[in-house]
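>>> Mind folding the following:
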Amino acid sequence: GYPESLTDPSYHAQLLVLTYPLVGNYGVPDDEERDEHGLPKWFESSRIWAAGLIVGEVSTRACHWRARRSLGKWLATHGVPGLCDIDTRALTFRLREGVTLGRIVQGAPPFGILPTLSDPNSRNLVAEVSIKEKKIFNPNGEVTIVAVDCGLKYNQLRCLMKRNAKVILVPWDHKIDVKEYDGLFISNGPGDPEMCKTVVENLKVVLNDKNNVKPIFGICLGHQLLSTAAGCHTYKTSYGNRGHNLPCTHSGTGRCFMTSQNHGFAVDPKSLPNDWKVLFTNENDKTNEGIIHKTQPFFSVQFHPEHTAGPTDLECLFDIFVDAVKSFKNKKPCVIDEMITEKLKFESTVHERPKKVLILGSGGLSIGQAGEFDYSGSQGVKAMQEEKIQTVLINPNIATVQTSKGLADKVYFLPITPEYVEQVIKAERPTGVLLTFGGQTALNCGVELQKARIFEKYNVAVLGTPIQSIVDTEDRKIFAEKVNAIGEKVAPSAAVTSVEEAIVAAKQIGYPVMARSAFSLGGMGSGFANNEEELKSLAHQALSHSDQLIIDKSLKGWKEVEYEVVRDAHDNCITVCNMENVDPLGIHTGESIVVAPSQTLSNKEYYMLRNTAIKVIKHFGIVGECNIQYALNPHSEEFYIIEVNARLSRSSALASKATGYPLAYVAAKLALGISLPTIKNSVTGVTTACFEPSLDYCVVKIPRWDLAKFNRVSTKIGSSMKSVGEVMSIGRNFEEAFQKALRMVDENVNGFDPNIKEVNEDELREPTDKRMFVLAAALKQNYSVEKLYELTKIDKWFLEKFKNIVDYYKTLESTDSTSISSDILIKAKKIGFSDKQIAAAIKITEVAARKLREEFGITPFVKQIDTVAAEWPASTNYLYLTYNGTTHDLTFPGDFTMVLGSGVYRIGSSVEFDWCAVGCLRELRNQGKKTIMVNYNPETVSTDYDMSDRLYFEEISFEVVMDIYNIEHPNGVILS
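Residues are numbered from 1 along each chain as shown. Here you go, the predicted model:
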């Protein structure tokens with residue numbers, strides 16, 4: 001959203017700080033391109049209004065198909081300065097206490113003296129950004145809207161014209177003539193509302209004209225001006241609300257929506273006159289977000305329903321405004337308050353609250369279904385305990401935390417099959433059952449029990465997502481029909497039940513095709529077929545796992561993107577995390593390197609996919625958490641929905657740990673019918689759980705394969721899962737997180753090392769478990785980014801990042817321990833080089849490299865994962881180390897005991913060691929000891945937010961453990 005934000009007049013005379021550290025990834029689109037109304041298509045005004053841009057890291061190369069130049073070149077063209085390599089998180093800590101005056105100075109000022117800073121808010125910024133004379137848009141529109149330009153964004157014009165309104169755009173101080181329009185619109189704008197007394201006086205005249213009542217709609221500054229004209233007071237807020245994920249609750253329906261905002265002032269609802277009332281309230285700080293007249297067609301909102309950038313959840317307010325204008329024009333007055341309530345209301349059906357709940361676990365660990373379901377089931381049990389609901393768990397896996405003493409009230413170590421589950425239901429008589437916490441095993445068992453009418457027989461309510469919704473998402477034929485019914489697209493596919501039908505379907509769709517079993521786990525029995533012979537072989541194999549086979553059009557080489565979506569029974573719906581696969585489509589998401597948040601999507605692509613996710617999830621009636629996966633054409637905005645998982649999955653565990661948002665815990669609460677806005681964000685303790693987390697760091701997930709332990713097994717990876725575990729790393733840039741993750745997967749690897757494998761173009765085309773190291777070798781052999789893109793179809797943005805690492809290897813190898821400078825060393829640490837890696841390059845020992853680094857004073861900083869990008873105070877214990885910083889986020893009082901986790905799951909070391917770590921943490925807590933957990937496995941209970949006093953999501957290596965030890969000074973270390 002940076003092209004939109006920089007051209008938003010609300011940022012006039014402001015230095016804009018972006019909290020997400022990687023900016024400029026998709027470049028800047030063509031600023032000469034115009035829409036059908038002659039407005040710049042991708043921008044919010046005709047110029048950049050921000051006085052300067054401050055970011056953590058800027059992409060110097062634009063790789064997106066719509067990009068015409070890089071962000072830096074665009075800023076330079078407009079004469080706007082930008083600063084990078086700034087610890088924006090530390091800066092946000094300062095700015096959240098209140099906007100501060102600042103300047104960018106290049107070089108040392110003469111004699112060290114700077115002139116006094118002048119406050120831009122003392123100027124009339126609205127007058128500076130407003131047009132100087134009247135302009136008319138869409139002259140043949142059905143109704144006429146006069147829009148008062150206080151710093152209007154172009155998308156407000158587009159939203160009005162899209163609804164066939166003629167818009168007369170007038171300067172901020174234009175004397176408003178009621179006869180000139182059918183409806184009046186007051187835009188957003190910069191600065192202090194006190195500077196706009198002329199607009200307020202003009203609005204007072206209109207509001208008091210009882211003979212010419214016409215609809216009025218204000219946005220942001222327009223809301224504050226209309227409120228002031230109505231008799232309200234405004235005040236400066238403690239923190240301000242700035243971002244694209246601010247939750248606002250509608251007073252009439254109680255439903256909560258995500259909104260885009262940028263303001264530091266708010267309207268005091270206590271000062272509202274009697275004939276006005278509150279329309280929206282901020283769910284976090286309870287500040288006013290909108291007012292509406294009780295009888296007249298006047299309303300305004302503090303947020304930006306026109307979005308750009310940001311969510312489109314409440315763009316419907318433009319529908320209501322224009323419909324009201326049409327009604328009044330046709331002498332059919334309407335009540336806007338009733339129209340908004342009608343538009344936003346939702347008839348929810350909530351089950352009677354159960355007294356006892358049965359939870360189905362996932363059983364024995366298998367490829368595609370491992371410790372993540374121990375994590376989700378444990379959170380589900382905790383959520384039920386909080387609500388004073390008795391829990392009965394069925395899980396035969398003795399190596400899990402959820403089956404340990406102190407969690408579920410009763411545990412049955414029995415197979416998760418319909419026969420055994422029915423016996424438990426008969427004995428325990430639960431009134432509710434949770435099916436979505438035990439993976440595909442629990443889901444399939446639940447579907448069988450429903451078909452056999454066992455739940456009906458014993459009067460057991462299925463909590464959360466209805467069984468029919470689960471069937472609809474798992475049955476590919478029904479899924480495709482339901483998705484097409486709402487105007488969305490799945491890849492051309494056919495559901496067949498025999499090899500002969502598969503061959504006919506493939507001919508109709510056209511080779512290559514992908515074949516996969518329905519209702520299967522981890523892509524079991526799936527693969528790509530280029531011809532009939534390959535398809536026959538695949539079909540025989542797939543039909544042995546399931547009685548339904550799906551034949552899909554192959555979209556190999558497209559981007560794969562997924563969203564984790566949460567919805568409650570009252571239709572409040574959010575996307576908690578979006579993730580992008582580094583590997584293109586064709587590799588199962590469980591086999592892929594995954595990055596959160598997505599790195600190469602534009603604002604339009606991000607919200608296009610988000611809107612579709614919410615639309616689809618609502619259509620299927622999912623309650624709780626689910627995952628939606630997309631195939632996105634890398635050269636256009638064309639996309640297909642691949643699938644929806646109407647349950648918690650491995651991606652859910654990753655998303656939960658990546659964002660700090662406890663997905664499984666929240667999903668369990670929602671299954672009881674509790675509404676999302678009433679659940680507190682357990683990380684901040686003050687904000688609501690009905691929000692979309694802000695990430696100011698980059699997360700990389702890499703799977704681990706143990707293929708070397710098997711004879712004759714193919715090392716190729718594809719649509720069927722072979723990985724036995726995964727790691728998650730956190731950094732302030734991609735290179736830092738990526739290199740950390742490679743070391744986490746295999747402690748014998750130093751990072752993105754170009755010396756491990758030889759170049760093999762076949763291995764680049766057909767990925768194997770070691771493809772990344774072949775890629776590193778190719779970059780060392782001077783393969784171009786373009787050539788590697790042709791071979792791998794990995795997005796050029798990622799390839800550029802890989803090239804940065806390999807190029808820096810060459811820089812390090814050209815120096816030695818006597819000539820290496822502090823600058824070279826700190827740059828290496830910033831892009832994820834370990835001491836051991838640096839030592840190998842400059843030919844010294846790891847201990848010598850560490851000593852050298854410490855002599856230069858180069859040590860890591862501790863940063864928090866707080867879900868709100870430091871915009872709100874949060875006492876979170878979720879931590880990581882980075883060299884891309886200037887300050888620690890917290891203090892270190894000492895007196896902790898440090899526990900080292902077991903790291904990545906592998907054959908021979910799995911969930912049983914997480915059980916050991918959790919048992920250790922619990923006993924230390926019972927002994928009154930404060931604990932530090934160090935682990936990097938997102939599938940584990942030990943990395944849950946409430947298991948330890950401090951959690952370091954970090955490598956378990958000599959270097960990192962010693963760094964944490966030196967920072968925290970614990971009393972002792974336990975190797976669990």
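>>> Residue ranges of each domain in this protein, please.
1-86, 125-344, 356-463, 492-551, 559-693, 748-858, 862-974 (the TED database).
>>> Between those, which one is closest to residue 477.
Set against residue 477 and scored by CB to CB, the domains of the chain come closest in domain 492-551, at 3.9 Å. C-betas here are computed from N, CA, C, even on glycine.
>>> max-length strand in this structure?
Criterion DSSP state E: the longest strand present in the chain is strand 234-250.
>>> Can you tell me which helices and strands that strand packs against?
In terms of contacts (3 or more CB pairs under 8 Å, 6 or more residues apart in numbering; DSSP states H and E), strand 234-250 is packed against helix 221-230, strand 256-267, strand 276-282, helix 336-344.
>>> Now the most centrally placed residue in the chain: closest residue in space, sequence neighbours ignored.
Compute the mean C-alpha point of the chain, and by CA atoms, centre = their mean the closest residue is residue 577, 2.7 Å away. In this structure, residue 577 finds its nearest non-sequential neighbour in residue 655, 3.8 Å apart by CB to CB, 6 or more residues apart in numbering.
>>> Work out for me the element the one you found sits within.
helix 650-659 (DSSP states H and E).
>>> Show residues contacting stretch 445-452.
The contact list for stretch 445-452, computed with CB atoms under 8 Å, 6 or more residues apart in numbering, reads 360, 416-418, 421-422, 433, 435, 455, 462, 467, 470-471, 474, 519.
>>> quick one: buried residues of that stretch?
Neighbour counts over stretch 445-452 (16 or more other CB atoms under 10 Å) mark 445, 446, 447, 449, 450 as buried.
>>> helix or strand for the residue nearest to the centre of the chain, which one?
Here residue 577, judged by DSSP H and E, is contained in strand 573-581.
>>> and the angle from that strand to helix 650-659?
Calculated by axes from the mean of the first three to the mean of the last three CA atoms, to 10 degrees, strand 573-581 forms an angle of 100 degrees with helix 650-659.
>>> CA-only coordinates of strand 573-581, as CSV, when you get a sec.
These are the backbone C-alpha positions of strand 573-581, laid out as CSV (Å, rounded to 0.1, in the frame of the first residue of the first chain):
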residue,chain,number,x,y,z
CYS,A,573,-14.6,-12.5,9.7
ILE,A,574,-10.9,-11.7,9.6
THR,A,575,-7.8,-13.0,7.8
VAL,A,576,-5.1,-13.6,10.5
CYS,A,577,-2.2,-14.3,8.3
ASN,A,578,-1.3,-14.5,4.6
MET,A,579,1.6,-16.6,3.4
GLU,A,580,3.4,-17.0,0.1
ASN,A,581,5.3,-20.0,-1.1
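>>> how distant is it from the center of its chain?
Mean-position distance between strand 573-581 and its chain equals 4 Å (CA atoms, centre = their mean, to the nearest Å).
>>> what sits up against the following helix or strand past it?
Using DSSP H and E, the helix or strand that follows strand 573-581 in sequence is strand 594-596. Residues from elsewhere that reach strand 594-596 (CB under 8 Å, 6+ apart): 577-582, 651, 654-655, 658-659, 695, 698-701, 734, 737.
>>> chain center to the helix or strand following strand 594-596, what's the gap?
Downstream of strand 594-596, the next assigned helix or strand under DSSP H and E is helix 603-620. How far helix 603-620 lies from its chain's middle: 13 Å, per CA atoms, centre = their mean.
>>> how big is the angle separating helix 603-620 from strand 573-581?
Going by the same axes, to 10 degrees, helix 603-620 makes 120 degrees with strand 573-581.
>>> Convert the C-alpha atoms of helix 603-620 to PDB, please.
Below are the C-alpha coordinates for helix 603-620, written out as PDB (Å, rounded to 0.1, in the frame of the first residue of the first chain):
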ATOM      1  CA  ASN A 603      -2.000  -3.900  -2.400                       C
ATOM      2  CA  LYS A 604      -4.600  -4.800  -5.100                       C
ATOM      3  CA  GLU A 605      -3.600  -8.500  -5.300                       C
ATOM      4  CA  TYR A 606      -3.500  -8.800  -1.500                       C
ATOM      5  CA  TYR A 607      -7.000  -7.400  -0.900                       C
ATOM      6  CA  MET A 608      -8.400  -9.100  -4.000                       C
ATOM      7  CA  LEU A 609      -7.400 -12.500  -2.500                       C
ATOM      8  CA  ARG A 610      -8.400 -11.400   1.000                       C
ATOM      9  CA  ASN A 611     -11.900 -10.400  -0.100                       C
ATOM     10  CA  THR A 612     -12.400 -13.700  -2.000                       C
ATOM     11  CA  ALA A 613     -11.200 -15.600   1.100                       C
ATOM     12  CA  ILE A 614     -13.900 -13.900   3.300                       C
ATOM     13  CA  LYS A 615     -16.600 -14.300   0.600                       C
ATOM     14  CA  VAL A 616     -15.900 -18.000   0.200                       C
ATOM     15  CA  ILE A 617     -15.600 -18.700   4.000                       C
ATOM     16  CA  LYS A 618     -18.900 -17.000   4.600                       C
ATOM     17  CA  HIS A 619     -20.600 -18.900   1.700                       C
ATOM     18  CA  PHE A 620     -19.500 -22.200   3.200                       C
END
